[in-house]
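*Asks:* Below: sequence and its predicted model.
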Amino acid sequence: TRMRVDVVSIFPEYLAPLDLSLIGRARASGVLDLAVHDLRTWTHDVHRTVDDTPYGGGPGMVMRPEPWGEALDALVPVGEEPPPRLVVPSPAGVPFRQALAHEWAAERHLIFACGRYEGIDQRVLEHAATRMPVTEVSLGDYVLFGGEVAVLVIMEAVTRLLPGVLGNADSLAEESHAHGLLEAPVYTKPPGWRGHDVPEILRSGDHGRIARWRRDEALVRTARRRPDMLAVLPATELDKRDIAA
Ligand SMILES: N#Cc1c(-c2ccc3ccn(Cc4ccc(CN5CCCC5)cc4)c3c2)n[nH]c1N
């Protein structure tokens with residue numbers, strides 16, 4: 001197996017989509033070995049308590065450290081080399097970007113800790129950091145209820161980078177982002193649909209002009225929707241004339 005992934009959550013059913021389609025195929029082909037665990041497995045009281053009130057006051061509840069400590073003890077064999085990476089989705093995390101997806105696709109073992117409530121007692125991450133690399137990661141500047149959907153996103157981004165998961169067509173699409181712009185619009189049959197026609201050039205067979213048309217469309221789209229992406233393009237990449245057009 002290329003990669004082992006463990007996910008711990010109080011809502012393990014939230015991770016059911018990881019059984020489907022491409023990720024399901026990656027698991028069936030042996031490229032990915034995924035296990036989802038219920039954090040309450042590591043509680044011992046009759047109410048299977050995972051949360052408590054926050055020290056210092058404040059709204060909501062905080063996830064208790066003990067269940068998490070026992071869960072990580074169970075999932076990290078003593079002396080595992082190299083150690084797994086613990087990934088903890090959090091509103092306070094570093095931004096999740098494609099570069100991180102590439103880094104994590106190279107890991108042998110990932111463990112995802114899905115927080116809920118106001119988050120996980122910080123000592124869980126501090127203690128884990130004494131025996132494995134720990135990354136708090138955020139999907140973006142919006143507020144979710146917990147870490148589960150972040151794990152679905154991260155797992156999709158990472159799994160598609162594992163060898164053999166992408167068809168070579170997709171991997172070419174992956175490369176197309178290499179030019180640092182948003183992709184051009186795509187079309188398929190029929191040539192005319194509800195009064196909207198496919199741009200003539202795409203049906204011309206003139207591959208040089210088609211490539212130029214796509215690059216111009218990509219530039220215009222990027223300038224309109226993601227000017228921040230243009231700011232980082234090396235000058236040699238950017239022809240001001242294209243933008244002005
Ligand atoms: N990835 C990612 C995330 C998450 C995320 C990830 C993991 C957990 C675990 C619990 N929550 C809920 C929550 C929501 C808001 C706060 C902030 N506090 C609220 C009042 C004072 C500050 C604390 C927890 C989570 C949210 N949100 N947005 C992303 N991009």
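*Replies:* Yes, it's here.
*Asks:* alpha carbons only for contacts and neighbour counts from here, please
*Replies:* Fine.
*Asks:* show me where the protein has helices.
*Replies:* Remark: helices assigned in the chain by DSSP state H are 21-28, 65-75, 98-105, 122-128, 148-159, 168-176, 207-225, 227-231, 240-244.
*Asks:* per-residue pLDDT, the most centrally placed residue in the chain?
*Replies:* Central residue of the chain (Cα atoms, centre = their mean): Ile154, 2.0 Å from the mean position. If you check Ile154, the pLDDT there is 98.
*Asks:* One more: Gly167?
*Replies:* Predicted confidence (pLDDT) for Gly167: 76.
*Asks:* Spatially, what comes nearest to Leu166 if we skip its sequence neighbours?
*Replies:* Distance criterion Cα to Cα, 6 or more residues apart in numbering; nearest residue to Leu166, sequence neighbours excluded, is Arg160 at 5.8 Å.
*Asks:* Please see if stretch 35-43 touches the ligand.
*Replies:* No. Using Cα under 6 Å from any ligand atom, we find that stretch 35-43 stays clear of the ligand, coming within 13.7 Å at best.
*Asks:* Now the terminal residues of that stretch, how far apart.
*Replies:* 19 Å (Cα to Cα, to the nearest Å).
*Asks:* what's the average pLDDT for that stretch?
*Replies:* Averaging pLDDT along stretch 35-43 yields 97.
*Asks:* partners of the longest strand seen in the chain, with directions?
*Replies:* Criterion DSSP state E: the longest strand present in the chain is strand 85-95. Strand 85-95 has the following sheet partners, assigned by DSSP bridges: strand 109-113 (parallel), strand 134-138 (parallel).
*Asks:* near the ligand at all, the last one?
*Replies:* Yes. Contact between strand 134-138 and the ligand, assessed by Cα under 6 Å from any ligand atom, occurs at 137-138.
*Asks:* could you check the angle helix 148-159 makes with that strand?
*Replies:* Calculated by axes from the mean of the first three to the mean of the last three Cα atoms, to 10 degrees, strand 134-138 forms an angle of 110 degrees with helix 148-159.
*Asks:* next one: strand 134-138 to chain centre, how far?
*Replies:* 11 Å (Cα atoms, centre = their mean, to the nearest Å).
*Asks:* Give me the angle between it and helix 98-105.
*Replies:* Computed by the same axes, to 10 degrees, the angle separating strand 134-138 from helix 98-105 equals 140 degrees.
*Asks:* Could you do the first one as well?
*Replies:* Orientation of strand 109-113 against helix 98-105 (the same axes, to 10 degrees) gives an angle of 120 degrees.
*Asks:* then strand 109-113 to PDB, C-alphas only?
*Replies:* Provided in PDB are the C-alpha atoms of strand 109-113 (Å, rounded to 0.1, in the frame of the first residue of the first chain):
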ATOM      1  CA  HIS A 109       0.700   7.700   6.800                       C
ATOM      2  CA  LEU A 110      -1.700  10.600   7.500                       C
ATOM      3  CA  ILE A 111      -3.900  10.900  10.500                       C
ATOM      4  CA  PHE A 112      -6.800  13.400  10.400                       C
ATOM      5  CA  ALA A 113      -8.300  14.700  13.700                       C
END
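*Asks:* returning to that earlier point: point out the one among the helices of the chain that comes closest to Ser90.
*Replies:* Closest approach to Ser90 among these (Cα to Cα): helix 148-159, 8.8 Å.
*Asks:* Just give the closest residue to Phe145, not the sequence neighbours.
*Replies:* Phe145 sits nearest to Arg116 (Cα to Cα, 6+ apart), 6.4 Å away.
*Asks:* Let me fix that, I meant to ask about Asp141.
*Replies:* For Asp141, ignoring the flanking residues on the chain, the nearest one in space by Cα to Cα, 6+ apart is Pro91 at 7.6 Å.
*Asks:* isn't that neighbour right next to Gly147, touching?
*Replies:* No. In this structure, Pro91 is not within contact of Gly147 by Cα atoms under 8 Å, at 9.1 Å.
*Asks:* Many thanks, I have nothing further to ask.
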